[in-house]
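> sequence and predicted structure below; questions after.
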Amino acid sequence: MLKAVLIALTSESLRIFLREKIIQIWRRLKAPRMIAGYRNFDGSLQKKTRISDTVVLNHPEKINVGDNVFVGHYSILDGTGGLEIGEGCQVGFWCGLFTHSSHCAIRLYGRHYQDIPEYERVAYDIAPVSIGKYVFIGAGCTILPGTQIGDGALVSAGALVAGSFEAFAIISGSPAKKVGDTRTLDKRHLRDPQLLEWYEEWQKS
């Protein structure tokens, strides 16, 4: 009797152990991953760029990404109107960088919307987006067509961004506005000579 109980317990423990291992393996297999290295459509390889395998690239032939860029999980990079992402940028999770909008065109065309080639549609707003070097874009941001963001800017999480913003702007809100300057934030850290040298290095280049 005792032997049978021990065998049953061992079997149940083994089943639980195996089930947990299978779940762990499944989670690892389906989990999003960062992919190192990105090749632009012109063939240039950005070795230090990391883009999640969950990122959607629309019209990748019109997307140009610099080196040392990071694009987090579940983001969308839309190249319809041309998208430039400068060296060293970081784009957080769940962000959308859009270079087109169909908010008027869908009503004008109705059920014939799909019949018209993308670049021939009336009221199909297309405008390029340019993100400067070493810009940080927080999680959940939406960048609208025609937006230009200067070098060293910081976009707060959840911002809805449209328009032009100068270098080093802190951009926040919905709709987003300039609320500060990143150089003010950075000053306190630049007493370290090595950091100051690196900070100035990318700006000079």
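Ah, there it is.
> mind listing what residue 165 touches?
Contacts for residue 165 (CB atoms under 8 Å, 6 or more residues apart in numbering) come out as 147, 148, 149, 150, 153, 171, 178. All C-beta spots, glycine's among them, are computed from the backbone N, C-alpha and C.
> which strand is the longest one in this protein?
Ranked by residue count and defined by DSSP state E, the top strand of the chain is strand 45-52.
> out of the contacts of residue 165, the closest to residue 96 would be?
Comparing the contacts of residue 165 against residue 96 with CB to CB places residue 147 closest, at 11.4 Å.
> was I right to think that closest one contacts residue 163?
Yes - with contact defined as CB atoms under 8 Å, residue 147 reaches residue 163; the gap is 6.4 Å.
> look at these two and report which has more neighbours.
residue 147 (23 against 14; other CB atoms under 10 Å).
> quick one: residues contacting the more buried one.
129, 130, 161, 162, 163, 164, 165.
> so it versus residue 57, what's the distance?
Distance of residue 147 to residue 57, computed by CB to CB, to the nearest Å: 18 Å.
> pLDDT (mean, whole number) over stretch 129-146?
Mean pLDDT, stretch 129-146: 98.
> that stretch: end-to-end distance?
Chord length of stretch 129-146, first to last residue, is 5 Å (CA to CA, to the nearest Å).
> where does residue 119 fall, phi/psi-wise?
Backbone torsions for residue 119, taken as degrees, to the nearest 10, come to phi -90, psi 10.
> to clarify, my last question referred to residue 162.
Backbone torsions of residue 162, given as degrees, to the nearest 10, read phi -140, psi 140.
> tell me the predicted confidence for residue 1.
56.
> could you do residue 30 as well?
Looking at residue 30, its pLDDT reads 74.
> follow-up on the earlier one: list the buried ones in the longest strand of the chain?
Within strand 45-52, the residues scored as buried using 16 or more other CB atoms under 10 Å are 46, 49, 50, 51, 52.
> so the second one touches residue 63, yeah?
No - the pair formed by residue 49 and residue 63 falls short of the contact definition of CB under 8 Å, at 11.7 Å.
> and residue 156, how many neighbours does it have?
Residue 156 has 20 neighbours, counted by other CB under 10 Å.
> give me the pLDDT value at the closest residue to it other than its chain neighbours.
Closest residue to residue 156 apart from its sequence neighbours, by CB to CB, 6 or more residues apart in numbering: residue 172 at 3.8 Å. On pLDDT, residue 172 comes in at 98.
> rewinding a little: mind listing residues that contact the longest strand of the chain?
By CB under 8 Å, 6+ apart, the list of residues contacting strand 45-52 from outside reads 32-40, 65-75.
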